[in-house]
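[1] can't give you the sequence, but here's the structure:
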Ligand SMILES: Cc1ncc(COP(=O)(O)OP(=O)(O)O)c(N)n1
Ligand SMILES: Cc1nc(C(=O)O)sc1CCOP(=O)(O)O
Ligand SMILES: [Mg+2]
């Protein structure tokens, strides 16, 4: 399972394009993971978007993750769910989810990453890696030193999220991230597909450099 380029949809940052349109454009640019994230939508509407995106990601061979809502993820047939500190605990989600269901966890420290791994997470996201204006309650960036410390502490796939751009992605990969999760750097761009492709190429180049 590849987590290299992980695109999170956001209709406000996405300049009014729908979650489904953004998912299609990002998948066309080679996104390995698409996440549907919308704190405003009622469950019924979130489910409609999730069912549409599931078709797009299945056709594109990308993983489909729903943010926060395990119920919607299961009902839509998504590949997984992403859970933060205030969401359902990873262990509880693991107890309910079917075998093979992907559970991602936001972590802000080595201790949180170790705990996420111990309770059944399939990947962890260092949240936020850098400061970001795209999430209202995001704290200050954890930084690359913490990213490297998490890398040393857990063997799970490690994704960096928060303030990731084409300019800093090579440093993030060099610090130990397996992939990057982004909003602005892809869905905030005029040409979403080209932005995804460019970021994907930079990730691949950084990984090749590190070998
Ligand atoms: C990959 C990834 N990492 C972090 C988040 C943040 O989730 P969100 O629900 O916005 O924030 P919490 O309040 O749950 O921490 C994400 N969506 N995806
Ligand atoms: C969705 C999200 N979660 C974060 C966390 O720290 O948990 S930061 C974030 C927003 C990422 O957007 P951008 O790529 O535009 O910085
Ligand atoms: Mg959450």
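    Alright, I've got the coordinates. Keep in mind it's a predicted model, so treat the numbers as computed, not measured. Residues are numbered from 1 along each chain as shown. Ligands and ions are numbered 1, 2, ... in the order given.

[2] which residue does the chain bring closest to ligand 1?
    Minimum separation of the chain from ligand 1 (Cβ to the nearest ligand atom) falls at residue 84, amounting to 2.0 Å. For the C-beta atoms, the positions are set from N, CA and C on the backbone; glycine is no exception.

[3] and the residue nearest to that residue when sequence neighbours are not counted, how many residues sit next to it?
    Spatially, and ignoring its direct neighbours in sequence, residue 84 is nearest to residue 106 (4.1 Å; Cβ to Cβ, 6 or more residues apart in numbering). Using other Cβ atoms under 10 Å, residue 106 has 24 neighbouring residues.

[4] Which SSE is immediately downstream of whichever helix or strand residue 106 is part of?
    If you go by DSSP states H and E, residue 106 is part of strand 102-107. Going down the chain from strand 102-107, the next helix or strand is helix 110-118, by DSSP H and E.

[5] counting contacts, what elements does the next helix or strand after that next one pack onto?
    Next in sequence after helix 110-118, counting helices and strands by DSSP H and E, comes strand 123-126. If contacts are counted by 3 or more Cβ pairs under 8 Å, 6 or more residues apart in numbering; DSSP states H and E, strand 123-126 sits against strand 102-107, helix 110-118, helix 144-153, strand 158-161.

[6] Go again with 7 Å.
    Applying 3 or more Cβ pairs under 7 Å, 6 or more residues apart in numbering; DSSP states H and E, we find strand 123-126 packed against strand 102-107, helix 144-153, strand 158-161.

[7] Please identify the buried residues of the longest one?
    Pointing back at helix 144-153 there. 144, 146-147, 149-151, 153 (16 or more other Cβ atoms under 10 Å).

[8] on contacts alone, who are the packing partners of it?
    Using 3+ Cβ pairs under 7 Å, 6+ apart: helix 144-153 touches helix 110-118, strand 123-126, strand 158-161.

[9] For this protein, list the residues in contact with ligand 3, please.
    Contacts of the chain with ligand 3, taken as Cβ under 5 Å from the ion, map to 68, 84, 87.

[10] Is ligand 1 within reach of stretch 68-80?
    Yes: on the criterion Cβ under 6 Å from any ligand atom, stretch 68-80 is in touch with ligand 1 at residue 68.

[11] Can you give me the buried ones in that stretch?
    The neighbour-count check on stretch 68-80 (16+ other Cβ under 10 Å) flags 68-70, 72-74, 76, 78-80 as buried.

[12] any idea which element the spatially closest residue to residue 120 that is not a sequence neighbour lies in?
    Distance criterion Cβ to Cβ, 6+ apart; nearest residue to residue 120, sequence neighbours excluded, is residue 94 at 3.6 Å. Using DSSP H and E, residue 94 maps to helix 90-96.

[13] Briefly note if that helix comes near ligand 1.
    No: using Cβ under 6 Å from any ligand atom, helix 90-96 stays clear of ligand 1, coming no nearer than 11.8 Å.

[14] counting contacts, what elements does that helix pack onto?
    Counting by 3+ Cβ pairs under 7 Å, 6+ apart, helix 90-96 packs on strand 80-83, strand 102-107.

[15] dump the residue contacts of residue 7.
    Contacts for residue 7 (Cβ atoms under 7 Å, 6 or more residues apart in numbering) come out as 26, 31, 34, 182, 186-187, 196.
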